[in-house]
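**Q** Mind looking at a prediction? Sequence and model below.
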Amino acid sequence: MNGNWPIRLAWIGGLLGLLFAVVVFAPARWLASGVTSATQGQLQLVNARGTVWNGQADLVLTGGEGSRTQTALPQGLQWQLAPRLASGSPAMALRLMAPCCTPEPLAMTFIPRLGGGELRVASSTSLWPAELLSGLGTPWNTLRVEGQLALQTAGLTLRWDEGRASMQGEAAIDALDLASRLSPLRPLGSYRMTLRADADGNTTTLNLETLSGALKLQGAGRWVGGRLRFEGVAEAAPEAEAALGNLLNIMGRRQGPRSLLNIG
């Protein structure tokens, strides 16, 4: 009986070594498959190479399963993933690098919880091409917006608890020098959208304002029961009403020279 122990130990050692190799060298395509499934195909990591822990891929946005529209991020995306402790709990630290868009890597920490999880996003600034949105389908593939999206985060935390999402902190997106194929006027203008959440994460508000341009946008909204309710107005400067008429018709319900924007 005792003579079998060296053989058993060899088998156990071999299995542990195989398990370690699978974990350490897990291919990046496993992560890509998980991302596609979790986002219902709207976010895809194509041509993934490297490992789950240190890899790169082409980032593609689509309208989901069956969609014919898609856009790709120039020069793709790179990531680094590593286990760590956060507030005494097991967590995963993620660093995202996009050569086109992130002057510094975007740092995030995911903490799994019973029935949900928490994603902490470090303060950051990045600049993304607005053309990416066209891949998401309606209405973006109709508007075909062009320009730059400057994303800024400050102490942003996203939580999921038994299917209910909440947010703490603040994020702002500056849409700079936007243009659309539906209007000959280029650019339409620059705009700022700000997301703010109260300290307990129960109320999240959204505000839209115009920074500059002939197309004036403004509005406000909040998340109620997990759904966004937003009311706003789109209006053309007097000298641009003819050039922006078609776009205003598509954006919302016309009321004289304005379009009323409603979501939810």
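**A** Great, that's in hand. Numbers count the residues shown, from 1 in each chain.

**Q** And the residue nearest the centre of this structure?
**A** Compute the mean C-alpha point of the chain, and by Cα atoms, centre = their mean the closest residue is Leu43, 8.9 Å away.

**Q** residues touching that one, list them.
**A** The contact partners of Leu43, by Cβ atoms under 8 Å, 6 or more residues apart in numbering, come to 35-36, 59-61. For every residue, glycine as well, the C-beta is placed using N, CA and C.

**Q** Gly64 - how many residues pack around it?
**A** Using other Cβ atoms under 10 Å, Gly64 is surrounded by 13 other residues.

**Q** where does the stretch 1-150 of the chain dip in pLDDT?
**A** Low-confidence regions of the stretch 1-150 of the chain, defined by pLDDT under 70, span residues 1-25.

**Q** where do the helices sit along it?
**A** 5-24, 28-38, 140-143 (DSSP state H, counting those that start in this stretch).

**Q** Tell me which residues touch the nearest residue to Ile263 once chain neighbours are set aside, please.
**A** Taking Cβ to Cβ, 6 or more residues apart in numbering, and ignoring the residues beside it in sequence, Ile263 has Phe230 as its nearest neighbour in space, at 4.1 Å. Neighbour list for Phe230: 206, 208, 219-221, 261-264 [criterion: Cβ under 8 Å, 6+ apart].

**Q** Tell me the backbone dihedrals of Thr69, please.
**A** With angles defined as degrees, to the nearest 10, Thr69 sits at phi -100, psi 140.

**Q** Run a quick neighbour tally on it.
**A** For Thr69, using other Cβ under 10 Å, the count is 15.

**Q** how close does it get to Thr62?
**A** Using Cβ to Cβ, to the nearest Å, one gets 7 Å for the distance from Thr69 to Thr62.

**Q** shared neighbours of these two, which are they?
**A** Here Thr69 and Thr62 have 135-137 as joint contacts, going by Cβ under 8 Å, 6+ apart.

**Q** Which one of those is nearest to Ala172?
**A** Using Cβ to Cβ, the shortest approach to Ala172 within the shared contacts of Thr69 and Thr62 belongs to Leu136, at 20.5 Å.

**Q** quick one: Leu244 from Asn207, how far?
**A** Taking Cβ to Cβ as the measure, Leu244 falls 22 Å from Asn207.

**Q** The two: which has the busier surroundings?
**A** In terms of neighbours (other Cβ under 10 Å), Leu244 is the more surrounded of Leu244 and Asn207; the figures are 25 against 17.

**Q** returning to what we had before: report the beta-bridge partners for the residue nearest to the centre of the chain.
**A** Beta-bridge pairing for Leu43 (DSSP bridges): Leu61.

**Q** burial measure for the residue nearest to Ala237 when sequence neighbours are not counted, as a count.
**A** Residue nearest to Ala237 in three dimensions, not counting chain neighbours: Ala214, with 4.3 Å by Cβ to Cβ, 6+ apart. Summarising burial for Ala214: neighbours were counted as other Cβ under 10 Å, giving 19.

**Q** Put together TSV for the contacts of Phe230, with pLDDT on each row.
**A** Conversion of the contacts of Phe230 to TSV gives the following (pLDDT from 0 to 100):
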residue	pLDDT
Leu206	93
Leu208	97
Gly219	96
Ala220	96
Gly221	94
Leu261	93
Asn262	91
Ile263	85
Gly264	76
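
**Q** Show me which of those residues are buried.
**A** In the contacts of Phe230, burial by neighbour count holds for 206, 208, 219, 221, 261, counting by 16 or more other Cβ atoms under 10 Å.
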